[in-house]
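Provide a 3D model corresponding to the input given below.
(4 chains)
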2 protein chains.
Amino acid sequence: MDAGSTQGHFCMQALDESALTHVATYFRALSEPTRLRILNTLRDGEKNVGQITELTGCGQANVSKHLALLFESGLVTRAAHGTAVFYGIADAATFDLCDLVCGNVARIVDQQVSSATALKKQLGKVAKG
Amino acid sequence: MDAGSTQGHFCMQALDESALTHVATYFRALSEPTRLRILNTLRDGEKNVGQITELTGCGQANVSKHLALLFESGLVTRAAHGTAVFYGIADAATFDLCDLVCGNVARIVDQQVSSATALKKQLGKVAKG
DNA sequence: CTACCTTATAACCACATAGTTATATTGTCA
DNA sequence: TGACAATATAACTATGTGGTTATAAGGTAG
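Residues are numbered from 1 along each chain as shown, chains lettered A, B, ... in the order given. Prediction:
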């Protein structure tokens, strides 16, 4: 089975250099808080650039640039209606992914907090001892 | 329920700015082909820096820097044994994530190929017509 | 056609970062 | 202790990119 096939189970281990770059690009698209904010505004349906600009509080040019990147990365759809351009989530799996990451991140943060607490305790003991 | 809790279902929509940054940082760690290669070498167990350097074909300093970033992002574990330092996957869910993304990417690439093919067909018609 | 509205793009700055080379740090062994 | 091996870090260059401002491009209404 080839990595470009449309069905079956995919495993990063089997990917060649080109596919690895694609995966990295996908993650890169999700690696900016502003882009995550933009994607969040699309949870409840398509919106045009003006609405997204309003909702995120970012500059219009900035939003357009991020939307262009998200579109090129295949994460959002684009549809022009008159002068307005509506963007939407290309794949519902995107949010599954983000929410999965939220779980991972929550675990990491908890671990780091625990480590920090343990370290603090250790340091406390050293200071006292 | 708070976003830092250790159980339950997590949704990006509910995250504040700080959590959003954490999620973005997590994705950022996965957004470089070299780091994905490094993570791939850890699929079948912990390895030290020398082994990872060998397997990836990257420079040792470069590998160390990437490993430091992965460690700080909470994606890998670190354990020193003598002068060697062994790194391992912190959370098996990481590969679930990567493989999920592989599926998404495969779909995107397929769609782009289809679009390109369709476009090519259209252009062909125009050229002929 | 003109004025206006919406979106995309160009130019620019500031900053982050991947990779390299050289070196420091740390642990082991004779 | 001194030589050596493994890893981390500092310094540097080149490149990428987030954000802003100004402007272009495309469509619409009068």
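
and the spatially most central residue of chain A, backbone torsions?
Centrality entry for chain A: nearest residue to the mean C-alpha point is residue A:30, 2.8 Å, by C-alpha atoms, centre = their mean. Dihedral angles of residue A:30 (phi, psi; degrees, to the nearest 10) stand at phi -100, psi 10.

same thing with residue A:91?
Dihedral angles (degrees, to the nearest 10) for residue A:91: phi -150, psi 120.

Could you check how far the nearest residue to it once chain neighbours are set aside is from residue A:114?
Excluding its sequence neighbours, the residue lying closest to residue A:91 (C-beta to C-beta, 6 or more residues apart in numbering or on different chains) is residue B:104, at 6.1 Å. To be clear about C-beta, it is placed using only N, CA and C from the backbone, and glycine gets the same treatment. For residue B:104, the distance to residue A:114 (C-beta to C-beta, to the nearest Å) stands at 32 Å.

Comparing these two, which residue is more hemmed in?
Ranked by neighbour count (other C-beta atoms under 10 Å in any protein chain shown), residue B:104 and residue A:114 place residue B:104 first, with 21 against 11.

how near is the more buried one to residue A:74?
Distance from residue B:104 to residue A:74, by C-beta to C-beta: 8 Å.

go on, residue A:61?
22 Å.

When these two are compared, which one has more neighbours?
The residue with more neighbours, out of residue A:61 and residue A:74, is residue A:74; 22 against 9, by other C-beta under 10 Å.

same question for the lengthiest helix in chain A, mean pLDDT?
Longest helix of chain A, by residue count under DSSP state H: helix A:93-128. For helix A:93-128, the mean pLDDT works out to 74.

Just say helix, strand or coil for residue A:77.
strand (DSSP: H, G, I helix; E, B strand; the rest coil).

Ok, residue A:85 next?
strand.

Show me what from chain A comes close to DNA strand D.
Within reach of DNA strand D by C-beta under 7 Å from any atom of the strand, chain A has these residues: A:28, A:32-34, A:58-62, A:65-66, A:69, A:80, A:82-83.

Quick check: the residue nearest to residue A:42 when sequence neighbours are not counted vs DNA strand D, distance?
Nearest residue to residue A:42, sequence neighbours excluded (C-beta to C-beta, 6+ apart): residue A:89, at 5.0 Å. Applying C-beta to the nearest atom of the strand, to the nearest Å, the value for residue A:89 to DNA strand D is 19 Å.

just residue A:78 next, same as before
14 Å.

Would you enumerate the residues in contact with that residue?
A:67, A:71, A:85-87 (C-beta atoms under 8 Å, 6 or more residues apart in numbering or on different chains).

what touches both of residue B:104 and residue A:74?
residue A:26.

So which of the residues of chain A next to DNA strand D belong to strands?
residue A:80 (DSSP state E).

Just the buried ones from the residues of chain A next to DNA strand D?
A:28, A:32-34, A:58, A:66, A:69 (16 or more other C-beta atoms under 10 Å in any protein chain shown).

out of these, who's nearest residue A:16?
residue A:28 (18.5 Å; C-beta to C-beta).
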